[in-house]
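S.K.: Curious how this folds, go ahead:
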Amino acid sequence: MAVAHTSTTTVAIPRAGYAALVVAFIVLTVAFSFGLFSLPVFYTALVAKFGWNRAQAAGGGSIVLLLIGVLGPIIGRMTDRFSPRAVLLAGMSIVAVGLALLSLTKDLTQFYAFCVVLGIGSAAVSLVPTSMLIAPWFAGKRGLAVGVINAGVGLGGFLAPNLTRKLIETGISEAFLGLAACLTIPFLATLILVRGEGPRTIARPTNAMSVGQVLHMPMFWIFGFALFFAAHTLTGIQQHLALYLTGHGVKPASAAFALSVLLGASAFGKVAGGWIADAYSAKASLLASIVCLVAGIGGLLMTDPASSLVYGCAAMFGLGYGGVFNAPPLIAFEFFGTKGVGTILGMYMMFFGLGTSSGGLVAGYLFDRTHSYTASFTWDIASCALGFLLLAAAGRSAQKRSEA
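M.R.: Just a heads-up that it's a prediction; the model follows:
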């Protein structure tokens with residue numbers, strides 16, 4: 001069974017294409033990131049106000065992350081059926097409602113219920129519809145375009161916690177309402193700047209495949225599980241880096257800076273990963289990203305936590321972090337085209353979401369059992385190795401299909 005390839009035409013990108021790029025960047029910076037990255041900042045205040053423990057408070061963020069992953073196929077199908085613009089506008093409205101409802105939280109049950117609303121909205125403004133929004137406009141530099149809009153997640157990850165800390169000074173409810181009000185920025189940008197769905201002559205599938213056909217392809221599952229194992233590693237390190245360093249006597253400010261270095265480097269990793277995908281392939285981009293992840297984790301294991309070299313290890317891991325983040329749309333577009341591929345992209349996002357939502361939990365479990373991060377970091381390297389081997393096998397399979 002042949003893989004659906006795309007035929008591309010080299011044309012000048014019109015203003016509408018760049019407008020879509022700017023809108024996608026703003027959506028990921030504000031609508032996606034403010035809903036996702038602001039929650040951890042509220043945990044301390046919520047624990048103090050309601051007497052919850054940290055696990056109970058953090059459960060809200062886990063709900064949001066899980067929904068972003070498992071709803072991927074549904075969001076993709078809706079994007080195919082309607083349009084990226086329609087899905088994004090609906091998603092931003094739901095995110096705003098979710099944040100406003102969170103301002104009314106009175107108990108843990110309400111908090112979780114409102115986080116479900118926030119998770120549904122976040123899934124609808126995630127990488128699936130934003131990637132579908134820009135894909136038809138950027139045939140020759142699609143990987144770079146995906147990397148650029150994903151850099152918005154890094155920017156939002158920096159802005160959201162700092163803005164939330166300022167807003168919380170006026171009160172928890174006021175902070176949630178303030179964040180909800182910020183959604184007017186991407187909503188109006190999408191409403192005003194996005195027109196049409198992109199040129200149909202660019203990257204149109206010449207041999208489109210149904211979802212049923214795709215699910216019967218071993219290559220699809222190999223890529224999916226490779227993505228799961230790579231994504232699993234991301235949160236296994238990212239969510240525990242500060243805990244690992246402070247547990248070895250590193251000052252909290254220095255540990256937080258190391259995490260900032262990781263997230264900052266991920267923005268460069270997203271752009272670099274997109275460039276590699278354009279120059280070579282999505283497979284090459286993901287393989288290079290996994291190598292960076294392994295190098296970063298290995299460096300953490302061999303470096304004194306108090307050494308300044310830790311920042312270099314964090315940066316190396318961050319480069320891989322950004323590259324893996326790009327992978328779902330790059331794989332989907334490269335092998336299945338850009339038209340009607342939303343459901344397939346959503347399924348890859350499901351693999352990615354399940355990997356990220358489980359990585360931190362497994363790392364925490366291994367630490368609780370062994371009282372050391374050596375076991376969890378070693379498992380993360382093993383997870384990367386599994387992803388690397390599966391991806392290499394998928395690459396050979398894809399090449400054979402291409403030649404058939």
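S.K.: what helix or strand does residue 319 sit in?
M.R.: helix 309-336 (DSSP states H and E).
S.K.: any idea how the protein splits into domains?
M.R.: Annotated domains of the chain cover 12-195, 208-404 [automatic domain parsing].
S.K.: worst average pLDDT in those?
M.R.: Lowest mean pLDDT within the domains of the chain: domain 208-404, at a mean of 85.
S.K.: Can you show me the CA trace of whichever strand or helix holds residue 24 as PDB?
M.R.: Using DSSP H and E, residue 24 sits within helix 15-26. C-alpha atoms of helix 15-26 as PDB (Å, rounded to 0.1, in the frame of the first residue of the first chain):
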ATOM      1  CA  ARG A  15       0.300  38.100   2.600                       C
ATOM      2  CA  ALA A  16      -2.600  35.800   3.700                       C
ATOM      3  CA  GLY A  17       0.000  33.000   4.300                       C
ATOM      4  CA  TYR A  18       2.100  35.200   6.500                       C
ATOM      5  CA  ALA A  19      -1.000  36.500   8.300                       C
ATOM      6  CA  ALA A  20      -2.000  32.900   9.100                       C
ATOM      7  CA  LEU A  21       1.600  32.300  10.400                       C
ATOM      8  CA  VAL A  22       1.300  35.300  12.700                       C
ATOM      9  CA  VAL A  23      -2.100  34.300  13.900                       C
ATOM     10  CA  ALA A  24      -1.000  30.700  14.700                       C
ATOM     11  CA  PHE A  25       2.000  32.100  16.600                       C
ATOM     12  CA  ILE A  26      -0.300  34.400  18.700                       C
END
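S.K.: next SSE after that helix?
M.R.: Using DSSP H and E, the next helix or strand after helix 15-26 towards the C-terminus is helix 33-37.
S.K.: Mind giving me the packing neighbours of that next one?
M.R.: Applying 3 or more C-beta pairs under 8 Å, 6 or more residues apart in numbering; DSSP states H and E, one finds that helix 33-37 makes contact with helix 54-70, helix 84-102, helix 108-123, helix 142-168, helix 172-182. The way it works is simple: take the backbone N, C-alpha and C, and place the C-beta from them, glycine included.
S.K.: Other residues contacting the first one?
M.R.: Right, helix 54-70. 35-36, 39-40, 42-43, 46-47, 108, 111-112, 115-116, 118-120, 122-123, 126, 349-354, 356-357, 361 (C-beta atoms under 8 Å, 6 or more residues apart in numbering).
S.K.: between that helix and helix 84-102, how big is the angle?
M.R.: Going by axes from the mean of the first three to the mean of the last three C-alpha atoms, to 10 degrees, helix 54-70 is angled at 160 degrees with respect to helix 84-102.
S.K.: Kindly list the longest helix within this protein.
M.R.: If you go by DSSP state H, the chain has its longest helix at helix 373-403.
S.K.: what's the angle from that one to helix 309-336?
M.R.: With the same axes, to 10 degrees defining the directions, helix 373-403 sits at 30 degrees from helix 309-336.
S.K.: Could you give me the buried positions within the helix holding residue 319?
M.R.: By 16 or more other C-beta atoms under 10 Å, the buried positions in helix 309-336 come out as 310-336.
S.K.: Which strands or helices does the helix or strand just after that helix pack on?
M.R.: Going down the chain from helix 309-336, the next helix or strand is helix 342-370, by DSSP H and E. Applying 3+ C-beta pairs under 8 Å, 6+ apart, we find helix 342-370 packed against helix 54-70, helix 72-81, helix 127-134, helix 211-215, helix 218-238, helix 309-336, helix 373-403.
S.K.: Off-centre distance for the helix or strand where residue 267 lies?
M.R.: Here residue 267 sits within helix 252-279, counting by DSSP H and E. On the basis of C-alpha atoms, centre = their mean, to the nearest Å, helix 252-279 sits 13 Å off its chain's mean C-alpha point.
S.K.: what's the angle from that helix to helix 218-238?
M.R.: Relative orientation of helix 252-279 versus helix 218-238 (the same axes, to 10 degrees): 160 degrees.
S.K.: Buried residues of helix 252-279, list them for me.
M.R.: Quick answer for helix 252-279 (16+ other C-beta under 10 Å): 254-255, 257-274, 276-278.
S.K.: Pull the contacting residues for the residue sitting nearest the centre point of the chain.
M.R.: Nearest to the mean C-alpha position of the chain, by C-alpha atoms, centre = their mean, lies residue 325 at 5.1 Å. Contact analysis of residue 325 by C-beta under 8 Å, 6+ apart lists 127, 150, 153, 234, 266, 269, 270, 273.
S.K.: mind redoing it with 6 Å?
M.R.: Residues in contact with residue 325, defined by C-beta atoms under 6 Å, 6 or more residues apart in numbering, are 150, 270.
S.K.: and what of residue 128?
M.R.: By C-beta under 6 Å, 6+ apart, the residues touching residue 128 are 72, 75, 76, 345, 346, 349.
S.K.: Look up how far residue 82 lies from the third one.
M.R.: Same thing as residue 76. From residue 76 across to residue 82, the span is 11 Å (C-beta to C-beta, to the nearest Å).
S.K.: These two: which is more packed in?
M.R.: residue 76 (28 against 14; other C-beta atoms under 10 Å).
S.K.: Now the more buried one: closest residue in space, sequence neighbours ignored.
M.R.: residue 346 (2.6 Å; C-beta to C-beta, 6 or more residues apart in numbering).
S.K.: That neighbour and residue 75 touch, don't they?
M.R.: Yes: at 5.5 Å, residue 346 and residue 75 qualify as touching, with contact defined as C-beta atoms under 6 Å.
S.K.: between those two, who's got more neighbours?
M.R.: residue 346 (31 against 27).
S.K.: Distance-wise, check that one relative to residue 89.
M.R.: Distance of residue 346 to residue 89, computed by C-beta to C-beta: 18 Å.
S.K.: Residue 320 too?
M.R.: Relative to residue 89, residue 320 is positioned 33 Å away (C-beta to C-beta).
S.K.: cool, residue 225 as well?
M.R.: Between residue 225 and residue 89 the computed distance is 34 Å (C-beta to C-beta).
S.K.: Which one's more surrounded, those two?
M.R.: Applying other C-beta under 10 Å to residue 225 and residue 89 shows that residue 89 carries more neighbours, namely 21 against 17.
S.K.: Quick one: residues contacting that one.
M.R.: residue 190.
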